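**Student:** give me the fold of what follows.
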Amino acid sequence: KALFVERFCRRFSSEAYHHPKHPDWLKLQAPRTTSVEKMESILQNFNVETVCKSAHCPNIGECFANGTATFMILGTRCTRNCRFCAVENGQPVPPDPEEPLRLAEAVKRLNLKYVVVTSVTRDDLDDGGASQFVDTIQAVRTICPGTKLEILTPDFKGSSMPLQMVCDARPDMFNHNIETVPRLYSRVRPQAIFDRSLRVLSFAAEQGLKVKSGMMLGLGESEIEVEETLASLLKTGCRYLTLGQYLAPSKMHEPVARYVQPHEFQKWADKAKTMGFKEVASGPLIRSSYKAEQMVA
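**Tutor:** Below is the predicted model:
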């Protein structure tokens, strides 16, 4: 009912439509401007991008203030147009061969001991951008040999060749987000396939890597669907899990169906642990790379 009313009002420009206000537990203090500006200056000097900024992450103030960020390679334009994501869709630029080295230098400058690297989806590339992930991993390990690496990859269209390339680079954590329950895929991420993402996770687990995935809650999923999706993740070999509240980046994106209360996230964390996940980060503001180093400590 809520989704119908929201879409009806949006379609016919009704004044009755008001974007729902976030509940109190999703309200954050304004970040320290000087800390954020300092971090942005460093990233700009090395000409590297972050998903923190491109995806409008609510934790950007905290992470930037702490001198951490999740790097995004292969540009800022995605070849897919998921209804939940703030990253710009459009014609991407060719991969920058100097990007891996610049990113590694930024990691050294920030003195990071754990790094998360993700990317836009590059369906326009033969290898989906896998070679850029590999080059980035190698560059970071060369310049910062003590730094651990987590990669958050697209699905590479399910192709085994790019997946094998990335797995052979032996990241310390392989992350690929399932995002939501299978019923909602056609609406929320129409260019993705639920079973294909499961196969990506299975492939990485079969290579002996630690495997992680994440889900958003509040898109209209049922409890049974969440539990069934978690069971499907476990069957792939995934043992690390993040659960967070979906927040619509704008009124043009998929609307929030429900704000999940903090105690429900705790319930899901307990449930996931009982089911067999080794580590679970679950909360309204949890994102797939938020304090990622604590999950593998």
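**Student:** straight-line length of stretch 50-63, end to end?
**Tutor:** Using Cα to Cα, to the nearest Å, one end of stretch 50-63 lies 11 Å from the other.
**Student:** any weak-confidence spans in this protein?
**Tutor:** The chain contains residues with pLDDT under 70 at 1-3, 5-7, 9-20, 28-33, 35, 53-62, 64-67, 297.
**Student:** show me where it has its helices.
**Tutor:** 2-11, 33-46, 51-54, 60-65, 99-110, 130-143, 160-168, 185-188, 194-206, 223-236, 262-275 (DSSP state H).
**Student:** make CSV from those helices and add mean neighbour count and distance to Lys21 to it.
**Tutor:** No exception for glycine: its C-beta is placed from N, CA and C like everyone else's. Output for the helices of the chain, formatted as CSV (neighbours: other Cβ atoms under 10 Å; distance: least, Cβ to Cβ, whole Å):
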stretch, mean neighbour count, distance to Lys21
helix 2-11, 13, 14
helix 33-46, 14, 24
helix 51-54, 22, 24
helix 60-65, 20, 20
helix 99-110, 20, 35
helix 130-143, 20, 39
helix 160-168, 18, 41
helix 185-188, 16, 22
helix 194-206, 19, 32
helix 223-236, 16, 25
helix 262-275, 15, 17
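**Student:** which one, of the ones you listed, ends up nearest to Ser289?
**Tutor:** Proximity to Ser289, assessed across the helices of the chain by Cβ to Cβ, is greatest for helix 51-54 (7.4 Å).
**Student:** nearest to Cys82, of the helices of the chain?
**Tutor:** Nearest of these (Cβ to Cβ): helix 185-188, 6.6 Å.
**Student:** for the closest one, give me every contacting residue.
**Tutor:** Contact with helix 185-188 is made by 82-84, 179-180, 192-194, 219, 254, as judged by Cβ atoms under 8 Å, 6 or more residues apart in numbering.
**Student:** ok so, going back, out of the helices of the chain, nearest to Thr118?
**Tutor:** Of all the helices of the chain, helix 51-54 sits nearest to Thr118, with 5.3 Å by Cβ to Cβ.
**Student:** related to what we said a few turns ago, now distance to Pro92 too, for the helices of the chain, in a markdown table please.
**Tutor:** A markdown table is the format used below for the helices of the chain (distance: least, Cβ to Cβ, whole Å):
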| stretch | distance to Pro92 |
| --- | --- |
| helix 2-11 | 29 |
| helix 33-46 | 20 |
| helix 51-54 | 13 |
| helix 60-65 | 23 |
| helix 99-110 | 13 |
| helix 130-143 | 12 |
| helix 160-168 | 16 |
| helix 185-188 | 22 |
| helix 194-206 | 21 |
| helix 223-236 | 29 |
| helix 262-275 | 34 |
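**Student:** tell me which of the contacts of helix 185-188 fall in strands.
**Tutor:** Judged by DSSP state E, those include no members of strands.
**Student:** out of the helices of the chain, flag the one nearest Gln91.
**Tutor:** Of all the helices of the chain, helix 51-54 sits nearest to Gln91, with 16.1 Å by Cβ to Cβ.
**Student:** quick revisit: any of the contacts of helix 185-188 buried? List them.
**Tutor:** Listed as buried from the contacts of helix 185-188 are 82-84, 179-180, 192, 194, 219, 254; burial here means 16 or more other Cβ atoms under 10 Å.
**Student:** pull the most distant pair out of those residues.
**Tutor:** Taking Cβ to Cβ, the two most distant members of these are Phe194 and Glu254; they sit 16.4 Å apart.
**Student:** just the buried ones among the contacts of helix 185-188 now: which is nearest Ala231?
**Tutor:** Phe194 (13.2 Å).
**Student:** count of neighbours near the nearest residue to that closest one once chain neighbours are set aside?
**Tutor:** Nearest non-adjacent residue to Phe194, counting by Cβ to Cβ, 6 or more residues apart in numbering: Pro182, 4.0 Å away. For Pro182, the count of nearby residues is 17 (other Cβ atoms under 10 Å).
**Student:** do the same with Ala169
**Tutor:** Around Ala169 there are 19 other residues, counting by other Cβ under 10 Å.
**Student:** these two touch, right, it and Val140?
**Tutor:** No: in this structure Ala169 lies outside contact range of Val140 using Cβ atoms under 8 Å: 10.4 Å.
**Student:** circling back to that earlier point, and the residue nearest to Phe194, how far from Ser250?
**Tutor:** Note on Pro182: its distance to Ser250, by Cβ to Cβ, to the nearest Å, is 25 Å.
**Student:** tell me the one among the buried ones among the contacts of helix 185-188 nearest to Asp127.
**Tutor:** The nearest member of the buried ones among the contacts of helix 185-188 to Asp127, counting by Cβ to Cβ, is Ala192 at 18.2 Å.
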